[in-house]
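> After the sequence you'll find the predicted model.
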Amino acid sequence: MKQLIIATMTLVAILLTQTRTQAKQNARAAESTERIISRHLPTLAFTAPTHQHARIKKLIVRDLINGKHETEAALGRATLYFPIFEHYLRKYDLPEELKYIPYVETRLKVRATSSVGAGGLWQFMQYTAHRYQLRVNAVVDDRYDAIRATEAATRFLQDLYVEFDDWLLALAAYNCGPGRVQRAIRQSKSRDFWKVEAYLPAETRRYIPTFISSVYIGKFHTAHGLKSRKYLFHYKNIRILKLRQAARLQDLAKVSDLPVATLRLLNPAYLQGTVPVYSRGNYLILPGTAANGAQRYLTKVNGSAAEEIQLQPIELVVEGLPEKLEDPQVPKPIQQPTPEPSGWWSYAARLAGNHWLAFIAFWI
């Protein structure tokens, strides 16, 4: 009995020491994170008054720590979509930071649909989609076309900036609608977003700080030890075709030696798996290895190859580029955990983090 008591006291002492050590390490890490954020946050083009920094820092820390897994996954998806956004932001002479809107809206999940019916990376409602010439019907929903929806979004943002002459107010209008923002401006008697926000919906009051925190994460995540996870596709290994004739994804997949699910993943706008005839042309994103086979097939069927689109992004994100494309249909094997030994001494050893210490303590 005496041996058991001594062993237990020894293990408790070890555990308390480890707990104190971990607490000190966490405190140092938190202090380091705070210093890094304080240094970089004021350098952003989209920033906030000093009294708002604590609010934004909380959002940043949430994504760095609690949301680390999803943040790194979203940064991986950015290697495919950010270059597309950058091309159109440059085309319309808009701030590069606006590419983080889909990051806020959907974490760059192209098939995302909200509870109120907004769809795609840029979360267009149907009436706004129609206003900017996006098709929404049973065959094609352009809101889920990464290219066509991005150009529509940049035009929409350009119009909002012309109306409000302030990017934070324009972003608020993107979230809740221009009418609500105009009403809030009248009620607040100000055109300063941080004074107007009290009259805006709660979701929009959160939206702007979340946008700023997302820009920070995108620019400075490596300073906090985060890196993008490898995504199935990267902008450097896709090709974009523009078709004016009809085509079936199933046929293109067959001639390209691809699962049709791969083409559906990259081109979710074609709801029935069919690219219809369209005078303005339809965009088709293909893995680079499949484009030549698709072009040969289109030449044979239509008499000419499809037009290939060359985008000019501001920068290419190379971090997280996979060595080869993976088949999204093939699940990765799940590694089963190794069974752990049972018994109170094994449990104590796991708490202490060291089996041999528990063994010695037990036999004192």
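Structure received. Residues are numbered from 1 along each chain as shown.

> Tell me which stretches of the stretch 251-364 of the chain form helices.
260-266, 288-302, 344-352, 355-362 (DSSP state H, counting those that start in this stretch).

> the domain parsing of this structure - what is it?
Domains of the chain are assigned by automatic domain parsing as 42-224, 235-309.

> Put together JSON lines for those domains, with distance to residue 8 and mean pLDDT on each row.
Quick note: C-beta positions are derived from backbone N, CA and C, even for glycine. Listed next are the domains of the chain as JSON lines, based on distance: least, CB to CB, whole Å; pLDDT from 0 to 100:
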{"stretch": "domain 42-224", "distance to residue 8": "33", "mean pLDDT": "96"}
{"stretch": "domain 235-309", "distance to residue 8": "55", "mean pLDDT": "94"}
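
> okay, the ones you listed in JSON lines with distance to residue 6 and mean neighbour count next?
What follows is the domains of the chain, written out as JSON lines (distance: least, CB to CB, whole Å; neighbours: other CB atoms under 10 Å):
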{"stretch": "domain 42-224", "distance to residue 6": "38", "mean neighbour count": "19"}
{"stretch": "domain 235-309", "distance to residue 6": "61", "mean neighbour count": "17"}
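
> got a markdown table for those, with distance to residue 32 too?
Supplementary listing: these in a markdown table, determined by distance: least, CB to CB, whole Å:
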| stretch | distance to residue 32 |
| --- | --- |
| domain 42-224 | 9 |
| domain 235-309 | 33 |
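
> Residue 199 is in contact with residue 188, correct?
Yes. Using CB atoms under 8 Å, residue 188 makes contact with residue 199 at a distance of 5.3 Å.

> tell me the contacts of residue 59?
With contact taken as CB atoms under 8 Å, 6 or more residues apart in numbering, residue 59 is in contact with 209-210, 213.

> I'd like the mean pLDDT over the host helix or strand of residue 32, please.
If you go by DSSP states H and E, residue 32 is part of helix 2-40. For helix 2-40, mean pLDDT is 69.

> got the contacts of residue 59 as CSV, with distance to residue 156 columns?
Output for the contacts of residue 59, formatted as CSV (distance: CB to CB, whole Å):
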residue, distance to residue 156
209, 22
210, 19
213, 23
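
> Tell me which of the residues you listed fall in strands.
Among those, DSSP state E puts none in strands.

> Closest one of these to residue 37?
residue 213 (9.5 Å; CB to CB).

> doesn't residue 60 make contact with the closest one?
Yes. The criterion here is CB under 8 Å, and residue 213 meets it with residue 60 at 4.7 Å.

> ok, residue 264 - contacts?
Residue 264 is in contact with 249, 270, 273, counting by CB under 8 Å, 6+ apart.

> That one and residue 64: what is the separation?
Distance of residue 264 to residue 64, computed by CB to CB, to the nearest Å: 33 Å.

> Residue 49 now?
22 Å.

> Kindly report the same for residue 201.
Using CB to CB, residue 201 is found at 27 Å from residue 64.

> do the same with residue 39
Using CB to CB, residue 39 is found at 15 Å from residue 64.

> swap in residue 288?
Using CB to CB, residue 288 is found at 33 Å from residue 64.

> same check, this time on residue 100
As judged by CB to CB, residue 100 and residue 64 stand 16 Å apart.

> ok, residue 46 - contacts?
Residues counted as contacts of residue 46 (CB under 8 Å, 6+ apart) are 95, 97, 167-168, 211-212, 215.

> re earlier: closest one to residue 35 among the domains of the chain?
Closest among those, using CB to CB: domain 42-224, at 10.3 Å.

> for the stretch 51-200 of the chain, what spans make up the helices?
Secondary structure of the stretch 51-200 of the chain, counting by DSSP H, counting those that start in this stretch: helices at 53-61, 68-91, 101-106, 126-131, 146-164, 167-176, 178-188, 193-196.

> Show me what the longest one is packed up against.
The reference is to helix 68-91. Applying 3 or more CB pairs under 8 Å, 6 or more residues apart in numbering; DSSP states H and E, one finds that helix 68-91 makes contact with helix 101-106, helix 146-164, helix 202-220.
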